[in-house]
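Q: Curious how this folds, go ahead:
(chains A, B, C and D)
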There are 2 protein chains.
Amino acid sequence: MGAIRTARERARAELTQEIKNAARRQLGEVGAQQLSLRAVARELGMASSALYRYFPNRDELLTALIIDAYEALGDAAEAADATPPPGDLRARWCTIHHAVRDWARAHPHEYALIYGSPVPGYAAPQTTIAPAGRVPLLLLRLAHRAHTEGALHPAFDGPPLPPTLAGQAAAVADLMDVPLPEPDLTRVMVAWIQLFGTISFELFGQLTGGADPADAFFHHTTDQMADLVGLPH
Amino acid sequence: MGAIRTARERARAELTQEIKNAARRQLGEVGAQQLSLRAVARELGMASSALYRYFPNRDELLTALIIDAYEALGDAAEAADATPPPGDLRARWCTIHHAVRDWARAHPHEYALIYGSPVPGYAAPQTTIAPAGRVPLLLLRLAHRAHTEGALHPAFDGPPLPPTLAGQAAAVADLMDVPLPEPDLTRVMVAWIQLFGTISFELFGQLTGGADPADAFFHHTTDQMADLVGLPH
DNA sequence: AAGAAAATGAGAGCGATGCTCTCTAGTTTG
DNA sequence: CAAACTAGAGAGCATCGCTCTCATTTTCTT
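A: A predicted model of the protein is given here:
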């Protein structure tokens, strides 16, 4: 399967990559809105119509970039997660958080592509769901390990879960294969939203005039969310 | 100043409004990306070039819509805030949260315009800052009133504030004219980010397969954040 | 090995966009 | 009333996404 048989297939795979690379470069320069197939073709020295042999339309190219971005972010988070001692769950939690933020600030347009407003009339295809779940999965597993070690002690209980929410949380636990009690899982979801909410606000300028630069605030909320979730010190 | 002198000025003011209205209608139908000046001009029965007498370019039109959207959201939040008994701070908190979510779901494209990824190469002009602060200001004032009544009791303290963050929080308190202790103000910021982070995730499809529909989750986190901030029951 | 089939790339072209320029008709101001 | 200003229309430019056709090259089948 991995082996590429004919020369044509090899050339096709390479050109597909080169197109994505050129597109990603332009994405970083002018943003998704201005990304133009013709400009990509120009950069590669080919006719614009030839691009349509590789991507049926502009949206499909963007979708490919979206998936790549999710994977790159997932890679960055997992690589960072491997740095601290595996048993130091809080250090791993914080390291992941900062890795996500660092990646977002290093690739703002790619971040905007996956966590900004989706292209209108564009529904995220099934293929994006799995890669999009990598970061929350990391966080869930950390909490789960703390839980199995009996070391998960949330800062406060909060209101009890209504049945609907408990059911959804159980479904997520099942889907992700992370058997965490519903209230704990819900708290991780809150922390997950806080993580990306903070980064989005920072990148999209909502923090301007408030907590900008946001380093201190981000560091603080990362810790606070670890407390909320209940990771040990 | 409010009085419009000449017939020409009156006509200009009206046409400016009609252009914005038509643009807002199209925004709701096709989204910001596809919003076309020519289509707006067509709808109004005028030449596309005539639009440029009113808005120097497409971005300026969008900026006008952005400001209107912030104001509409602020109006919705303030109107909702006036519903519960003024002394029931927790009810007001929850009502504001739900009003913001309801407005966002009723006007997803306008929400995406102000809380999605900003148009690339587009910096939010100064004129958007004040209207953008209306919702967080409401939340801050609620917390402040609870504080002056001695009724603000956060669910947990969390880590102590580093000096940088304390300074920024103090600056916000000063700017917003809400003299709230820095740790309390920081907690309100967390809740504010949680509010918009949750709505963005819901609207932009990140919750798909997890907490979707998000009613139960949203209700729960609203309450949880009220606990975190320390509003009385 | 030879011929059929499939994939690839180039070019022209369509309808549409944002925006500029020029010209005309009308309004306001001194 | 005349000069200055303003609003609108129309033509035009460069660009875009995308389609269609045609020639060339590669692969598959016999």
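Q: ranges for the helices of chain A?
A: For chain A, the helices defined by DSSP state H cover A:7-34, A:37-44, A:48-51, A:58-81, A:89-106, A:108-115, A:129-132, A:134-148, A:163-176, A:182-203, A:215-229.
Q: Give me the buried positions along stretch A:126-144.
A: By 16 or more other Cβ atoms under 10 Å in any protein chain shown, the buried positions in stretch A:126-144 come out as A:128, A:131-133, A:135-144. C-beta coordinates here come from the backbone N, C-alpha and C atoms, glycine included.
Q: Any stretches of chain A with poor pLDDT?
A: Applying pLDDT under 70 to chain A flags residues A:1-4, A:119-124.
Q: Close to DNA strand C: what parts of it are there?
A: Contact residues, chain A versus DNA strand C (Cβ under 7 Å from any atom of the strand): A:8-9, A:11-12, A:15, A:45-50, A:53-54.
Q: show me which of those residues neighbour DNA strand D.
A: A:8-9, A:48-49.
Q: Could you check how far A:L61 is from A:L35?
A: According to Cβ to Cβ, to the nearest Å, A:L61 stands 8 Å off from A:L35.
Q: Find residues that contact each of the two.
A: When Cβ atoms under 8 Å, 6 or more residues apart in numbering or on different chains defines a contact, the residues bordering A:L61 and A:L35 alike are A:A23.
Q: Please identify which of those two sits among more neighbours.
A: A:L35 (23 against 20; other Cβ atoms under 10 Å in any protein chain shown).
Q: how close does that one get to A:P163?
A: Taking Cβ to Cβ, one finds A:L35 at 45 Å from A:P163.
Q: Give me the number of neighbouring residues for A:P84.
A: Around A:P84 there are 16 residues (other Cβ under 10 Å).
Q: these two touch, right, it and A:T95?
A: Yes: if you go by Cβ atoms under 8 Å, A:P84 and A:T95 touch, sitting 5.5 Å apart.
Q: Pick out whichever of the ones next to DNA strand D among the residues of chain A next to DNA strand C sits closest to A:L89.
A: A:L89 lies nearest to A:E9 out of those, by Cβ to Cβ, at 45.1 Å.
Q: Could you measure from A:A69 over to A:R105?
A: 14 Å.
Q: between those two, which one's more packed in?
A: A:A69 (24 against 13).
Q: residues touching the closest residue to the more buried one other than its chain neighbours, list them.
A: Nearest residue to A:A69 in three dimensions, chain neighbours excluded: A:E110, at 4.2 Å (Cβ to Cβ, 6 or more residues apart in numbering or on different chains). Residues in contact with A:E110 (Cβ under 8 Å, 6+ apart) are A:24, A:27-28, A:65, A:69, A:72.
Q: do you know how far A:E110 is from A:L185?
A: For A:E110, the distance to A:L185 - Cβ to Cβ - is 28 Å.
Q: Repeat that for A:A191.
A: On the measure of Cβ to Cβ, A:A191 and A:L185 end up 11 Å apart.
Q: again with A:D81
A: Relative to A:L185, and taking Cβ to Cβ, A:D81 is found at 19 Å.
Q: can you check A:L161 too?
A: For A:L161, the distance to A:L185 - Cβ to Cβ - is 10 Å.
Q: Touching both of these two, which residues are there?
A: Joint contacts of A:L161 and A:L185 (Cβ under 8 Å, 6+ apart) are A:A169.
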